[in-house]
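Trainee: Just to be clear, the model below is a prediction. Sequence and coordinates:
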Amino acid sequence: MSIQQKVKRCWQRVDGVLLLDKPVGMTSNSALQSARRLFSAAKAGHTGTLDPMASGLLPVCFGEATKFSADLLEADKIYEAELMFGVTTNTGDAEGDVVERRLPSFALSDLEGALERFRGRIRQVPPMYSALKRNGRPLYELARQGIEVEREAREVTISELALTNFSGEHCRLRVTCSKGTYIRTLAEDIGHALGCGAHLTALRRIAVDVLDVSGALTLDQIAAIPEEERAACLSPLDSLLQSLPPVFLDETAASRFSHGNPVSAGGCVAGKCRVYASGQLLGVGEVKASGEIWPRRLVVSQS
């Protein structure tokens, strides 16, 4: 028998949400798998990718929390972005090849005027270096082959675009935006509006809905915690659902709801809601015009 033997990992059921501070240079999937191993979690998923060059908040869902990860895909995000003017790259960020250089010759007032054009509802053309698919192939695969295809512009909402620092060739922005917003494209479009081009040099996601990076941990911080104490790092399942109104059921209604049956909404407003009984999350329901709450995703309790 070999002296070095592989120790088979014992995967276990783990339910909860990890607020992970993803480092620069790591893909979201690699960060997810690393976190999963640290918790020996049998099931894990995340709530939307961050580019490898980006750092910041990556909510990781374990176990039953994966059922609610899609709810955060619809949520607004907040980013801190750094731009460099006068240099355009083929990817829109610092990881790409330089394709053009121009001397920036605008004033602060010009930049503030340009930013105003990108607040509110705007239309963006998704970048070629993205995971969007064309005939089943990611666009970035085509881009790496030098192939560019036409992309349809999409409407996104920039609810906040604040200039926090400006030093001639560089600026820093705080961006609050809707799902599907490409900050790389925003950087390029701002540079185009100023007539000198620009690219993204750094990006950090600091919030997803009500979840904030100030409560996040790095992989190294988690690894330094004894394994039997790591569960205390997890947020509860409903931390992903705070934008939904809560509904509280009695024992009889809770039993019906948990078995997939509708229950009386008791005058609740139509739409999605998070449903509780005896202080425990039962799942997500939807209040219909009929006055009933229909189960949409249910939590399976540990026996």
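Mentor: Structure's in. What do you need?
Trainee: all strands of the stretch 201-303 of the chain, in order?
Mentor: Per DSSP state E, counting those that start in this stretch, the stretch 201-303 of the chain carries strands over the ranges 211-212, 246-248, 263-264, 271-277, 280-287, 292-298.
Trainee: Likewise for the stretch 51-200 of the chain?
Mentor: Secondary structure of the stretch 51-200 of the chain (DSSP E, counting those that start in this stretch): strands located at 54-62, 77-85, 87-89, 98-101, 120-124, 133-134, 137-138, 154-166, 170-177, 198-208.
Trainee: Mean confidence (pLDDT) on the fourth one, please.
Mentor: Spelled out, it's strand 98-101. Mean per-residue pLDDT for strand 98-101: 96.
Trainee: Go through stretch 290-303 and flag the buried ones.
Mentor: By neighbour count on 16 or more other C-beta atoms under 10 Å, the buried set for stretch 290-303 is 292-293, 295, 297-299. Yep, even glycine has a C-beta here, placed from its N, CA and C like the rest.
Trainee: and of those, the nearest to S159?
Mentor: Distances from S159 to the buried residues of stretch 290-303, taken as C-beta to C-beta, are shortest for R297 (27.7 Å).
Trainee: who are the neighbours in contact with the closest one?
Mentor: 67-68, 283-284 (C-beta atoms under 8 Å, 6 or more residues apart in numbering).
Trainee: what's the answer for I206, then?
Mentor: Per C-beta under 8 Å, 6+ apart, neighbours of I206: 56-57, 78-80, 212-213.
Trainee: Could you provide those in TSV, with additional columns for pLDDT, neighbour count and distance to L108?
Mentor: Listed next are the contacts of I206 as TSV, based on pLDDT from 0 to 100; neighbours: other C-beta atoms under 10 Å; distance: C-beta to C-beta, whole Å:
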residue	pLDDT	neighbour count	distance to L108
G56	97	22	27
L57	97	24	30
I78	97	20	23
Y79	98	22	22
E80	98	19	19
D212	96	13	30
V213	97	20	29
